[in-house]
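Undergrad: here is my input; please provide its structure:
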Amino acid sequence: MDIIFVIKYFEKLKINNMSSKEFELLGKAVNELPTSPNEAQLDSFPNKHKMRNYIVEFNCADFMSMCPITQQSDFAKIHIRYIPGEECIETKSLKFYLQSYRSQKTFNEEIVNRILTDLVAACNPNSLIALVTKRNSSTPFFPSSDPNNNASKTFS
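TA: You can find the predicted model right below:
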């Protein structure tokens, strides 16, 4: 999974220490993946730069679920892009969350909408796009989510 942080503005800021919030996975030797998205825990941490709109991107080139019709493995690429609000998604928990879909018999269009719903619940971003592309395909399916129902704030 590639992680890309894009910052639109370059300013000198006073950086505070990370909060002492306990994470479910980060800093722990956990190797057992959740068996479903319902079991997965999406952790977040305070966004110390909420005065600025910056973009956080996650790329997962090896996403896998199962076709509900054929029961065969279904491979795809997932791309998540969001502008954080009060909270940011913790990366290790997101990796485990995405792995939890490996045994799920669901269409990718359903999965990407579930991912949007779960990410909005976990961190309430200012804007969020989750894009799913079948492997070896250039046609993505990308619903977007704006928690404030303000379409002009959602970016592409």
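
Undergrad: where does the protein dip in pLDDT?
TA: Within the chain, the segments meeting pLDDT under 70 span 1-30, 135-156.

Undergrad: list the buried residues for the top helix by length along the chain?
TA: Across the chain, the helix with the greatest residue count (assigned by DSSP state H) is helix 108-123. Of the residues in helix 108-123, 108, 111-113, 115-116, 118-120, 122-123 count as buried by neighbour count, 16 or more other CB atoms under 10 Å. Every residue, glycine included, has its C-beta placed from N, CA and C.

Undergrad: and those residues, which is closest to Lys77?
TA: Of all the buried residues of helix 108-123, Asn108 has the smallest distance to Lys77: 10.1 Å, by CB to CB.

Undergrad: and the helix or strand just after the longest helix of the chain, which residues are buried?
TA: Downstream of helix 108-123, the first helix or strand assigned by DSSP states H and E is strand 127-134. For strand 127-134, the neighbour count (16+ other CB under 10 Å) marks 127-133 as buried.

Undergrad: in terms of secondary structure, what does strand 127-134 contact?
TA: Applying 3 or more CB pairs under 8 Å, 6 or more residues apart in numbering; DSSP states H and E, one finds that strand 127-134 contacts strand 73-83, helix 108-123, strand 144-145.

Undergrad: among these, which is nearest Ser93?
TA: Comparing those by CB to CB, helix 108-123 comes nearest, at 8.4 Å.

Undergrad: okay, angle between that closest one and strand 73-83 too, please.
TA: Interaxial angle, helix 108-123 versus strand 73-83 (axes from the mean of the first three to the mean of the last three CA atoms, to 10 degrees): 40 degrees.

Undergrad: quick check: angle from helix 108-123 to strand 127-134?
TA: Using the same axes, to 10 degrees: helix 108-123 against strand 127-134 is 150 degrees.

Undergrad: now helix 108-123 - C-alpha only, PDB.
TA: Only the C-alpha atoms of helix 108-123 are listed here, as PDB (Å, rounded to 0.1, in the frame of the first residue of the first chain):
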ATOM      1  CA  ASN A 108     -16.900  -4.100  -5.300                       C
ATOM      2  CA  GLU A 109     -19.500  -1.400  -5.900                       C
ATOM      3  CA  GLU A 110     -21.100  -2.300  -2.500                       C
ATOM      4  CA  ILE A 111     -17.700  -2.600  -0.800                       C
ATOM      5  CA  VAL A 112     -16.500   0.900  -1.900                       C
ATOM      6  CA  ASN A 113     -19.700   2.400  -0.500                       C
ATOM      7  CA  ARG A 114     -19.300   0.500   2.700                       C
ATOM      8  CA  ILE A 115     -15.700   1.800   2.900                       C
ATOM      9  CA  LEU A 116     -16.900   5.400   2.500                       C
ATOM     10  CA  THR A 117     -19.500   4.900   5.200                       C
ATOM     11  CA  ASP A 118     -17.000   3.400   7.700                       C
ATOM     12  CA  LEU A 119     -14.300   6.000   7.000                       C
ATOM     13  CA  VAL A 120     -16.800   8.900   7.500                       C
ATOM     14  CA  ALA A 121     -17.900   7.300  10.800                       C
ATOM     15  CA  ALA A 122     -14.300   6.900  11.900                       C
ATOM     16  CA  CYS A 123     -12.900  10.300  11.100                       C
END
